[in-house]
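Trainee: Compute the structure for the input listed below.
(chains A and B)
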Amino acid sequence: GAVVSQHPSWVICKSGTSVKIECRSLDFQATTMFWYRQFPKQSLMLMATSNEGSKATYEQGVEKDKFLINHASLTLSTLTVTSAHPEDSSFYICSASIGRGADTQYFGPGTRLTVL
Amino acid sequence: AQSVTQPDIHITVSEGASLELRCNYSYGATPYLFWYVQSPGQGLQLLLKYFSGDTLVQGIKGFEAEFKRSQSSFNLRKPSVHWSDAAEYFCAVEGDRGSTLGRLYFGRGTQLTVWP
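Mentor: Here you go, the predicted structure:
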């Protein structure tokens, strides 16, 4: 149980285009979903926290207009990278929480974004 | 602010040897600490967690970790490493459960290579 999927697993796009990444909790309803960004050989950096039906809370330094997060249902959250540039190339990971603590988070396999 | 340091970027051990991965944290109160493993194509998997109580915690896959407040450390150990343990390991601390509930702050990770 507690499976989280991400789609697509990898995407290549041209500079200036927008890319949408989906995060789904397959067998549970997630009270909260989190989006992380991971640079090569570096830590996962929390980008934002989203609750179903409300606006996402972004971490300091994360551009809200660049990284649009929509949490339309208890099983789906989307991250849209708008007007992508090469510096947005990264590994994006989502997690879905079944409860209140970090130990209730289940992670997706990640999406590799490459912007040409 | 909470933070985690993993001093070792890459560790190589022989199969069957013992393993210790280091993690130091910075946090004002009693931290909630976690160790995760990341394998290619898979989401982060929780190995073990420490909230309170016994400072030696047991996890899955034969891993254990010891919380040492005096050293601000939470090192991960395994008595005998298997080739399948080769992966990236992340130590993480949860933000204050009051205002940053569920937010995880990760170290940069330690890549484990296992030689046959």
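Trainee: residues in contact with the residue minimising distance to the centre of chain A?
Mentor: Chain A has A:W35 as the residue nearest its centroid, 3.6 Å off, counting by CA atoms, centre = their mean. Residues in contact with A:W35 (CB atoms under 8 Å, 6 or more residues apart in numbering or on different chains) are A:23, A:46-48, A:50, A:67, A:69, A:77, A:79, A:92-94. Using the backbone N, CA and C atoms, a C-beta is placed for each residue, glycine as well.
Trainee: Not counting sequence-adjacent ones, nearest residue to whichever residue of chain B sits closest to chain A?
Mentor: Distances between chain B and chain A by CB to the nearest CB are smallest at B:G43, namely 3.6 Å. Leaving aside its sequence neighbours, B:G43 sits nearest to A:F107 (CB to CB, 6 or more residues apart in numbering or on different chains; 3.6 Å).
Trainee: Can you classify A:G99 by secondary structure?
Mentor: Of the three states, A:G99 takes coil under DSSP: H, G, I helix; E, B strand; the rest coil.
Trainee: I meant to write B:S70 there.
Mentor: B:S70 - assigned by three-state DSSP - is helix.
Trainee: thinking again about what came up before, in terms of helices and strands, where is the residue nearest to the centre of chain A?
Mentor: strand A:32-38 (DSSP states H and E).
Trainee: Which SSE is immediately downstream of that strand?
Mentor: Where DSSP H and E defines the elements, the next helix or strand beyond strand A:32-38 is strand A:44-51.
Trainee: what about the residue of chain B closest to chain A, distance to B:D54?
Mentor: Between B:G43 and B:D54 the computed distance is 28 Å (CB to CB, to the nearest Å).
Trainee: Run through the residues that contact the residue lying closest to A:P40 once chain neighbours are set aside.
Mentor: Of all residues not flanking A:P40 in the chain, A:F91 sits nearest, at 7.9 Å (CB to CB, 6+ apart). Residues near A:F91 by CB under 8 Å, 6+ apart: A:37-40, A:110-113.
Trainee: same deal with A:D65?
Mentor: When contacts are counted by CB under 8 Å, 6+ apart, A:D65 touches A:T82.
Trainee: can you do 10 Å?
Mentor: A:82-83 (CB atoms under 10 Å, 6 or more residues apart in numbering or on different chains).
Trainee: same deal with the one 10 residues further on?
Mentor: Residues counted as contacts of A:T75 (CB under 10 Å, 6+ apart) are A:4, A:23-30, A:33, A:52, A:96.
Trainee: out of the residues you listed, which touch chain B?
Mentor: Among the contacts of A:T75, the residues that sit close to chain B (CB under 10 Å from any CB of the partner chain) are A:V4.
Trainee: Going through the contacts of A:T75, which ones are buried?
Mentor: Among these, the ones that count as buried by 16 or more other CB atoms under 10 Å in any protein chain shown are A:4, A:23-25, A:28, A:30, A:33, A:52, A:96.
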